[in-house]
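**Q** Everything below, folded, please.
(2 chains)
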There are 2 protein chains.
Amino acid sequence: MQIEDLGEFPLIEQLLAQIGRSGPGVAVGAGDDAAALIPTPGMLLLATCDSQTEGRHFRRDHISPEQLGRRLAAVNLSDIAAMGGQPRWALVSLHLPPATEASYIEAVYRGLMRELEPFSARIVGGNMAAGDQLVLDLTLLGEIAPAELLGRTGAHADDLVLVSGSLGASAAGRAALAEGLSSPEAQATIEAHLTPRARVALGRAIAKTGLATAMIDVSDGFAQDLGHICDASRVGVRINAADLPLAAETHAVAHTVGADPLQWALTGGEDYELILTAPREAAGDLARIAERELGLALTPVGTILESKAERWLEDANAERTPLGTGGWSHFGSISPLT
Amino acid sequence: MQIEDLGEFPLIEQLLAQIGRSGPGVAVGAGDDAAALIPTPGMLLLATCDSQTEGRHFRRDHISPEQLGRRLAAVNLSDIAAMGGQPRWALVSLHLPPATEASYIEAVYRGLMRELEPFSARIVGGNMAAGDQLVLDLTLLGEIAPAELLGRTGAHADDLVLVSGSLGASAAGRAALAEGLSSPEAQATIEAHLTPRARVALGRAIAKTGLATAMIDVSDGFAQDLGHICDASRVGVRINAADLPLAAETHAVAHTVGADPLQWALTGGEDYELILTAPREAAGDLARIAERELGLALTPVGTILESKAERWLEDANAERTPLGTGGWSHFGSISPLT
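**A** Below you'll find the model as predicted:
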C-alpha cells in the first residue's frame, strides 16, 4: 500500500513493531519525543550523519530497498569505524514521495537492521516527512575509550600510509551498472558498489593497538580523503602507484569499459576502506593483526612527508605527478549517476 | 556565489569557521569523520531528529534563511524540552539544489546557532548532499538525569491536563501568510509560525519538580499529540473547550479570514507548546513555577479519564463531542502549504 493511502502513523506503528523499542543501552527507544540512551561510563560519544539521495547516490532500478538500507547503514558505520569506534544507536530521517510503497520502507529498515545487528546497534528514533525525492538520512552514534580515539591530525613525517582491502571496486561497479555488464567480475564490483562493507571490526582492532597515528575512510576518493589527513596533520605524502591494491575484478571491468583502473582507485570514492598512517616499525604489526584477526589485507602504499606542499603520486620509474584531489563532488557538473 | 560554483569543500570550510570546532563537552568537533563528545557522568543521553522541507514546512518567499535555521532548531529543541532535557549537541544534514547561494546556507547556520546558543548547545557535525529540493535535517542530542526524565506513559486517571502559552497561533500565522495579511495581529501570528520558541526552560523547570506524570510537545496538533499521551498511558481524556488558551491575535486573524480558531487550537499544530499531565494537587505549584520563573502561563484544560475509550471535547453547556485526532499529516492530501 502507498504511504499516502496507508497514512503516516500506521506506517510508523509498523516500523516500531519491526525495530522494537528496547535494546542495549536503551532506556526509552523509538516512539517518544526523543530516545533516552545510557552511555557507557568513561567513554566518548561519537556522532555522525550521512545520507542517500535518489538520483545522486542510487537509482531505484539498480538497488533493492534492502540493499539501500544496508548501504545507508554502511556509509555511516564507516565513519564510526574511521574513528576506531563501536556503533551503538541510530536515528533514521526519511523524506518520501507520498506514492512510495510502505513495503519499500519496511525493506529499507530490514537492510538497516541487518547491517547494524552484528554490532548490537539499534534504531532508536527517527522522523518521516513527505518530499519530492527519496532522501534517507541516518545519524549514527557510537562510543570509544578516550585513549583509543583516532582522528586525522596525528600523521607524522616518515609514517607509512596503509589502506585496507582494495580500491576502485565501487567505481568499477558503478560503471558496470551503467553499461549493463553481467560477467561474474562485473557482478562482484556491483556488489561492492551497492553494499559496501564498513570496516568496523578493523577500525576497532587498529584503535586498540594504539599504533596508528591517523585514520579516515574512503568515501569521496582515496586521494581526496588522504588529502584530508594531510591537511589536518599539516604534512605531505608520496604514494607509490604500483602499490595501490586493486582487485582483479576491478581490472577486468576497467578493461571491458576502457577505463583507467588507477584513476578509479585514486578518485572513484565510495570504497569505504580505511586509510591509516602509522610509524614504519608498527606497520608490520598492524598488517599482521588485520590479516590474522580479520583476514583483511592492510597494504603499505606510501610515506608521509614533512612538507605539506608535497603530495606526489610516484610511478614505477620514480616519476612523480601531483596527487590531485579529484574525487566525488556533490555539486560538480559531473555526478556518477547523471 | 552558488554552491555549484563555489564547491562543496570551500563551503564546508566557511561553515566550520562559522560554527567553530570546540565547545562544552566537545572533544572533537565538526570536521572529522565523526564528532567525539564527552557525556556528563550519570546522565541519560537524549536523541531526536526533525526536518524542514521546502514546499512542505516552509516556502522560501515566506521565511528568511535565518528564520529557517531558527525554526529548524526550535522544532528539535521542542522534542528535547518535551522530555525535560538540556540540549547539548547538534548535527546538520543538508540536501541542497546546486543553485543554492552559499550565503543562504550561512544564514541558515546563523539562525541555528542563535537558537542553540542560549543553551550553550553546539553544532558538532553534519553532512551536505545535492538534492532537487531544499531539505534540512537536524539531529539534536541532549542530556537529563534519569530521575527527571518525562515520557508519555505516566498519565493517570484524574490527573489534570495543562498546556503552556497559547494554541493555534501557528495555524493563524500560516493563514495570515497565505492571505497576505499585514495587520499587527497577523504579524504576531506570522512570527509565531515562522520562529516558534521551544519551551526548553519550562520543560527543565517542570522536570526538576518531579510533579508531572507525562509530557509532549504540540507539533502535529494539540488533539493528536494529547492522543499520543493517552495511547501510551492507556487512559482517556476530557478537554474543556472554553479553557483552551488562545491569544487575542489568533482570534483576530480567525475573524479576518473567517476560520474557526478553536479548530486551529485543536488541530493546527506547530505551536511547540508543552502539554503535560500532573496530579490535581500539583497543578497549582506547576503553574506558579511557570509564571514566576518564566512568565509563562500553564493553563489547566481538562482531566485524564480512566477509560481509554473516552476522549471528549466538552463545551460550555457540558455537551460532549469526540476529540478527533485530526492534525498535521505529512502524507494526507491536504498540506498547509499546497
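
**Q** For A:Ala130, what are phi and psi?
**A** When read as degrees, to the nearest 10, the backbone of A:Ala130 gives phi -80, psi 150.

**Q** Residues in a beta bridge with it, which ones?
**A** For A:Ala130, the beta-bridge partners are A:Leu96 (DSSP bridges).

**Q** would you say A:Glu66 is within a helix?
**A** Yes - the assignment for A:Glu66 is a helix, going by DSSP: H, G, I helix; E, B strand; the rest coil.

**Q** so who does it touch?
**A** Shown in contact with A:Glu66 (C-beta atoms under 8 Å, 6 or more residues apart in numbering or on different chains): A:107-108, A:110-111, A:114. Just so you know, the C-beta spots here come from the backbone N, C-alpha and C atoms, and that holds for glycine as well.

**Q** Chain B contacts on the stretch 101-250 of chain A?
**A** Where proximity means C-beta under 8 Å from any C-beta of the partner chain, the interface of the stretch 101-250 of chain A facing chain B comprises A:124-133, A:135, A:137, A:139-142, A:144, A:146, A:149, A:151-152, A:216-217, A:232.

**Q** change it to 6 Å
**A** Applying C-beta under 6 Å from any C-beta of the partner chain, we find that the stretch 101-250 of chain A lies next to chain B at A:127, A:129-133, A:135, A:137, A:139, A:149, A:151-152.

**Q** Quick check: neighbours of the strand or helix carrying A:Thr139 in the sheet, parallel or antiparallel?
**A** When elements are defined using DSSP states H and E, A:Thr139 is found to belong to strand A:135-144. Here strand A:135-144 has these sheet partners by DSSP bridges: strand A:44-53 (antiparallel), strand A:86-96 (antiparallel).

**Q** Ok, which of these comes nearest B:Leu96?
**A** Ranking the strands paired with strand A:135-144 by proximity to B:Leu96 (C-beta to C-beta) places strand A:44-53 first, at 10.4 Å.

**Q** The closest one: which residues count as buried?
**A** Of all the residues in strand A:44-53, those buried under the rule 16 or more other C-beta atoms under 10 Å in any protein chain shown are A:44-53.

**Q** quick revisit: may I see the contacts of A:Glu66 arranged in a markdown table, with pLDDT as well?
**A** Converted to a markdown table, those look like this (pLDDT from 0 to 100):
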| residue | pLDDT |
| --- | --- |
| A:Ala107 | 97 |
| A:Val108 | 98 |
| A:Arg110 | 98 |
| A:Gly111 | 98 |
| A:Arg114 | 97 |
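
**Q** In strands only, show me those.
**A** Taking DSSP state E as the definition of strands, those contribute nothing to them.

**Q** Looking at those, which one is closest to chain B?
**A** When those are compared for distance to chain B, the smallest value, 16.1 Å, is given by A:Val108; criterion: C-beta to the nearest C-beta.

**Q** isn't the closest one right up against A:Gln67?
**A** No - no contact is recorded between A:Val108 and A:Gln67 when judged using C-beta atoms under 6 Å, the distance being 9.3 Å.

**Q** out of those two, which sits in the busier spot?
**A** When neighbours are counted by other C-beta atoms under 10 Å in any protein chain shown, A:Val108 and A:Gln67 differ, and A:Val108 comes out ahead with 28 against 17.

**Q** For the more buried one, list the residues it contacts.
**A** Applying C-beta atoms under 6 Å, 6 or more residues apart in numbering or on different chains, one finds that A:Val108 lies in contact with A:65, A:68-69.

**Q** nearest to chain B, of these?
**A** So of those, ranked by how close each gets to chain B (C-beta to the nearest C-beta), first place is A:Leu68, at 14.8 Å.

**Q** low-scoring pLDDT stretches of the stretch 201-338 of chain A, where are they?
**A** For the stretch 201-338 of chain A, residues meeting the criterion pLDDT under 70 lie at A:325-338.

**Q** got the residue ranges for the helices in it?
**A** When secondary structure is read from DSSP state H, counting those that start in this stretch, the stretch 201-338 of chain A shows helices at A:222-233, A:248-257, A:261-267, A:280-294.

**Q** got a list of contacts for the second one?
**A** By that I understand helix A:248-257. A:168-169, A:172, A:175-176, A:179, A:185-186, A:188-189, A:261.

**Q** that older thread, would you mind pulling the contact partners of the strand holding A:Thr139?
**A** Counting contacts by C-beta under 6 Å, 6+ apart, the residues touching strand A:135-144 from outside are A:40, A:43-44, A:46-49, A:51-53, A:72, A:76, A:80, A:84-95, B:91, B:93, B:95, B:135, B:137, B:139.

**Q** Separate out the buried members of those.
**A** Neighbour counting over the contacts of strand A:135-144 (16+ other C-beta under 10 Å) leaves A:43-44, A:46-49, A:51-53, A:72, A:76, A:80, A:84-95, B:91, B:93, B:95, B:135, B:137, B:139 as the buried ones.

**Q** just to revisit the earlier point, may I see the helices of the stretch 201-338 of chain A arranged in a markdown table, with mean neighbour count as well?
**A** Converted to a markdown table, the helices of the stretch 201-338 of chain A look like this (neighbours: other C-beta atoms under 10 Å in any protein chain shown):
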| stretch | mean neighbour count |
| --- | --- |
| helix A:222-233 | 22 |
| helix A:248-257 | 19 |
| helix A:261-267 | 23 |
| helix A:280-294 | 15 |
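
**Q** Out of these, which gets nearest to B:Glu293?
**A** Ranking the helices of the stretch 201-338 of chain A by distance to B:Glu293, with C-beta to C-beta as the measure, places helix A:222-233 first at 44.6 Å.

**Q** which strands and helices sit next to the closest one?
**A** Counting by 3 or more C-beta pairs under 6 Å, 6 or more residues apart in numbering or on different chains; DSSP states H and E, the packing neighbours recorded for helix A:222-233 are strand A:214-217, helix A:261-267.

**Q** so which of those gets nearest A:Arg292?
**A** Ranked by C-beta to C-beta, the member of those that lies closest to A:Arg292 is strand A:214-217, at 19.4 Å.

**Q** Could you list the buried residues of that closest one?
**A** Judged by neighbour count using 16+ other C-beta under 10 Å, the buried positions of strand A:214-217 are A:214-217.

**Q** Following element in sequence after whichever strand or helix holds A:Ala17, please.
**A** A:Ala17 is located in helix A:8-19, with elements delineated by DSSP H and E. Following helix A:8-19 in sequence order, the next helix or strand is strand A:26-28 (DSSP H and E).

**Q** Quick check: what element follows that following strand along the chain?
**A** Proceeding N to C from strand A:26-28, the next assigned helix or strand is strand A:35-37, under DSSP H and E.

**Q** Direction included, what does that next one pair up with?
**A** strand A:26-28 (antiparallel), strand B:44-53 (antiparallel).

**Q** who touches that strand?
**A** Outside of strand A:35-37, the residues that reach it under the criterion C-beta under 6 Å, 6+ apart are A:25, A:27-28, A:89, A:124-125, B:44-47, B:149.

**Q** Just give me the closest of those to B:Leu160.
**A** Each of the contacts of strand A:35-37 was checked against B:Leu160 using C-beta to C-beta; the closest is B:Leu149, at 20.6 Å.

**Q** ok, now which ones touch the closest one?
**A** The contact partners of B:Leu149, by C-beta under 6 Å, 6+ apart, come to A:Ala36.

**Q** what's the answer for A:Ala155, then?
**A** A:Ala155 makes contact with A:213-214, A:229, A:233, A:235, A:277, A:304, according to C-beta under 6 Å, 6+ apart.

**Q** quick one on the thing from earlier: so which of the contacts of strand A:35-37 is the closest to B:Asp61?
**A** Proximity of the contacts of strand A:35-37 to B:Asp61 (C-beta to C-beta) peaks at A:Gly125, which lies at 32.4 Å.

**Q** Check the gap between that closest one and A:Glu13 for me.
**A** Using C-beta to C-beta, to the nearest Å, one obtains 15 Å as the distance from A:Gly125 to A:Glu13.

**Q** what sits up against stretch A:298-316?
**A** If you take C-beta under 6 Å, 6+ apart as the criterion, stretch A:298-316 is touched by A:155, A:157, A:159-164, A:234-245, A:277, A:283, A:286-287, A:290, A:320-321, A:323.

**Q** can you do 7 Å?
**A** The set of residues that contact stretch A:298-316 without belonging to it, under C-beta atoms under 7 Å, 6 or more residues apart in numbering or on different chains, is A:155-164, A:227, A:230, A:234-245, A:277, A:283, A:286-287, A:290, A:320-323.
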